[in-house]
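Novice: The sequence isn't on hand, but the structure is:
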Ligand SMILES: NC(=O)c1ccc[n+]([C@@H]2O[C@H](COP(=O)([O-])OP(=O)(O)OC[C@H]3O[C@@H](n4cnc5c(N)ncnc54)[C@H](OP(=O)(O)O)[C@@H]3O)[C@@H](O)[C@H]2O)c1
């Protein structure tokens, strides 16, 4: 099968399109003909090598953490899927990834694709959607005041819609060029982080989704109401690895997570570091909102698999509006 293979940690050019053998299908596995995938910031962090101890990959490695496609083969013990089903997933990082013509996924990490979405639309959602869902659900309720950092990004565009679907008042940050976009997605208040401080502009916040990390997560802890929640999704691992090296940087990141949690305890705040879980029930929750018309994909650009290096370069600019999708013909 054709796949985007990473041979060495480093720049985007280290990803090469080549022929590799598809991994075998285990008893609980489903083999999927991948039609589309998408990119997430974890992909360029992994490619650069800063997550190497956490991921434990042995190069060469097929990257990619989102897919939409059709089932072509099932293992002997698979219960929920049949050949021909249209599916979506963000499989675990422990197995070869989705930037390939075929991907073998544990059935617990696979869901039925929402029928109303195209393959490209569906592939834009799983990882970012599961992350946003875990940060917000079941914590957000009717009338809550929710603040979502970087509302125009992959996680933010979905998080705004999920929070609105649960009846929250939603504020978000992004530069002014993206204010119309986040308002269309349902944001009640858009703060231009280049000219305004969100912690001065917003008050009485019940829940903050912090996707920036660093000083911002501590600011979030100080700004949220007592009894509220800060869900942080950016641990600072790449920065720590660059500063202290792979081993010490990984340990420093773990200590930072513990300090953040303890800081929350002292302030009476649920200070959570959320790591996306590949579970099917989260995919089903997202699919439910999509079919109710309350959640829609937000796609910035689509690249063919062959242009994976170019897609990485664009992603790394940090200026994506929604998601970058990969077409796998
Ligand atoms: N823990 C997990 O499991 C998990 C899962 C998914 C993602 N993440 C992490 O979460 C972070 C966000 O992911 P993502 O996919 O949403 O990223 P993304 O799509 O790359 O975010 C890009 C967006 O961020 C906005 N932005 C950039 N700087 C900003 C700032 N200072 N304040 C407010 N907005 C800013 C940009 O808007 P402008 O162009 O208007 O500036 C752009 O639209 C990444 O670090 C990613 O690795 C973690």
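Specialist: Received, thanks. Keep in mind that this is a model prediction, so the values were computed, not measured.

Novice: pretty sure residue 166 is in contact with residue 135, am I right?
Specialist: No - the criterion here is C-beta atoms under 8 Å, and residue 166 misses it with residue 135 at 11.9 Å. Heads up, the C-betas are built off the backbone N, CA and C, glycines and all.

Novice: who's more crowded, those two?
Specialist: Each of residue 166 and residue 135 has its neighbours counted (other C-beta atoms under 10 Å); residue 135 has more, 28 against 20.

Novice: could you list every residue that touches that one?
Specialist: 159, 209, 231, 233, 272, 274 (C-beta atoms under 8 Å, 6 or more residues apart in numbering).

Novice: near the ligand, which residues of the stretch 1-150 of the chain show up?
Specialist: Counting by C-beta under 6 Å from any ligand atom, the residues of the stretch 1-150 of the chain close to the ligand are 40, 41, 42, 127, 128, 131, 149, 150.

Novice: Quickly note the distance from the nearest residue in space to residue 55 that is not next to it in sequence to the ligand.
Specialist: Nearest residue to residue 55 in three dimensions, chain neighbours excluded: residue 93, at 5.4 Å (C-beta to C-beta, 6 or more residues apart in numbering). Taking C-beta to the nearest ligand atom, to the nearest Å as the criterion, residue 93 is separated from the ligand by 10 Å.

Novice: Can you get me a residue count around residue 93?
Specialist: Neighbours of residue 93 (other C-beta under 10 Å): 19.

Novice: Residue 80 now?
Specialist: Neighbour tally, residue 80, other C-beta under 10 Å: 14.

Novice: Leaving out chain neighbours, which residue sits closest to it?
Specialist: Closest to residue 80 by C-beta to C-beta, 6+ apart is residue 107, at 5.7 Å.

Novice: what does residue 304 give?
Specialist: residue 327 (5.1 Å).

Novice: what's that neighbour in contact with, if anything?
Specialist: 35, 36, 120, 302, 303, 304, 305.

Novice: for residue 130, same thing?
Specialist: Taking C-beta under 8 Å, 6+ apart as the test, what residue 130 contacts is 90, 276, 277, 278, 279, 282, 283, 286.

Novice: Now the residue positioned nearest the centre of the chain: phi and psi?
Specialist: By C-alpha atoms, centre = their mean, the chain has its centre lying nearest to residue 128, at 2.8 Å. Torsion angles at residue 128 (phi, psi; degrees, to the nearest 10) stand at phi -70, psi -40.

Novice: That one and residue 74, how far apart?
Specialist: For residue 128, the distance to residue 74 equals 27 Å [C-beta to C-beta, to the nearest Å].

Novice: Figure out the helix or strand that residue 286 lives in.
Specialist: Using DSSP states H and E, residue 286 falls within helix 280-291.

Novice: hmm, who's touching the next helix or strand after that helix?
Specialist: Sequence order places strand 299-304 as the next helix or strand after helix 280-291, per DSSP H and E. Contacts with strand 299-304, where a contact means C-beta under 8 Å, 6+ apart, come from 120-121, 124, 310-311, 314, 320-327, 329.

Novice: Is it possible to mark the buried ones in these?
Specialist: Neighbour-count burial (16 or more other C-beta atoms under 10 Å) is assigned, among the contacts of strand 299-304, to 120-121, 124, 311, 314, 320-327.

Novice: Which of the residues you listed sits closest to the ligand?
Specialist: Relative to the ligand, the closest of these is residue 320; by C-beta to the nearest ligand atom it sits at 4.3 Å.

Novice: if we can go back for a sec, now do the contacts for the residue nearest to the centre of the chain.
Specialist: Taking C-beta under 8 Å, 6+ apart as the contact definition, residue 128 lies against 40, 154, 155, 157, 158, 323.

Novice: hmm, back to that, just confirm the residue nearest to residue 55 is within a helix.
Specialist: No - read with DSSP: H, G, I helix; E, B strand; the rest coil, residue 93 is coil and lies in no helix.

Novice: For it, give me the pLDDT.
Specialist: What the model reports as pLDDT for residue 93 is 91.

Novice: so residue 32 makes contact with residue 105?
Specialist: Yes - between residue 32 and residue 105 a contact is recorded at 6.0 Å, counting by C-beta under 8 Å.
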